[in-house]
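1. need a structure here:
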Amino acid sequence: MAKTKVKALVIGAKDSKEKDKLVTLFTLEQGKLFVYFRGVKGEKAKLKEAKELFTFAEYVLEEGKYGNIVVEANIIDSFSQLRRDLDKYYEACSILDVLNKTSKESNPFVFIQALKALKAICYEDSPKNYALIKFLILVFENSGYTLNFDTCSGCKSKLTGKKYLNVEYGEIVCANCKQLTSIEISPVVLSALKIFKQTPFEKLKSVKIGGGGEQKALNLLIENFEWRFGCKFFTA
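-> Take a look at the predicted model:
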């Protein structure tokens, strides 16, 4: 039988028969794949750890009658700490949910950014939801919805005074171009978004946001996400 090797993150899993798992992989090479893990529910199962949520590994897949079966796995990073801290777990789950809902095809850029986000949450102790906010901004940019803080996307004039996010188009506009689908961006949220946009994942720990700007920025991005992709955003 034909075999394929892929690098992938486990982004979802559900039971299949008594001892099997149907797992969703987000792969570097092929995008989202559904694969079977056979007999992995026992304590001594060879591939038990490789099926766990958040696991980043190199998987060897074999074509079966009903789909791809994982026959080998070389774990690169299990991100196991994410499963032991509730706040980290839910933030990481939001990252995976974004991948599930937006990334059917191969997207190396998003794949790499997802790994960076998980590392920031797991090992670098970035403040709660900072990595998620950064990741959402990058996902929007990758989809063609870059947040431009300098020029109105409508009239192309320099942005001064009040600024708005037109969630229908995912772009920032001035007061003259705002529509019913536009949400005012407060100065504290605007400042937070600018900081998150320019700060690498590995430096998020040093970022200081005041006035609850991070949560307000996240709320705005979530609303933008739900408009962009037509689905509910996962939050704990």
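
2. after the biggest strand by length in the chain comes which helix or strand?
-> Looking across the chain with DSSP state E, the single longest strand is strand 3-16. Counting by DSSP states H and E, the next helix or strand C-terminal to strand 3-16 is strand 20-27.

3. Quickly run through the sheet partners of that next one, with directions.
-> When pairs are called by DSSP bridges, strand 20-27 turns out to pair with strand 3-16 (antiparallel), strand 31-37 (antiparallel).

4. what's the spacing between the most centrally placed residue in the chain and N176?
-> Central residue of the chain (Cα atoms, centre = their mean): I95, 3.1 Å from the mean position. Between I95 and N176 the computed distance is 37 Å (Cβ to Cβ, to the nearest Å). For every residue, glycine as well, the C-beta is placed using N, CA and C.

5. Make sure the residue nearest to the centre of the chain is indeed in a helix.
-> Yes: checked against DSSP: H, G, I helix; E, B strand; the rest coil, I95 lies within a helix.

6. For it, which non-adjacent residue is spatially closest?
-> Of all residues not flanking I95 in the chain, A117 sits nearest, at 5.2 Å (Cβ to Cβ, 6 or more residues apart in numbering).

7. Give me the average confidence score over the helix or strand containing F196.
-> Using DSSP H and E, F196 sits within helix 187-198. The average pLDDT within helix 187-198 is 96.

8. Residue numbering should commence at 780 henceforth.
-> All right, first residue 780 from here; so that's helix 966-977.

9. Please spell out which residues along the following helix or strand past that helix are buried.
-> Counting by DSSP H and E, the next helix or strand C-terminal to helix 966-977 is helix 992-1008. By 16 or more other Cβ atoms under 10 Å, the buried positions in helix 992-1008 come out as G992, E993, K995, A996, L997, L999, L1000, I1001, N1003, F1004, R1007.

10. All set, thanks.
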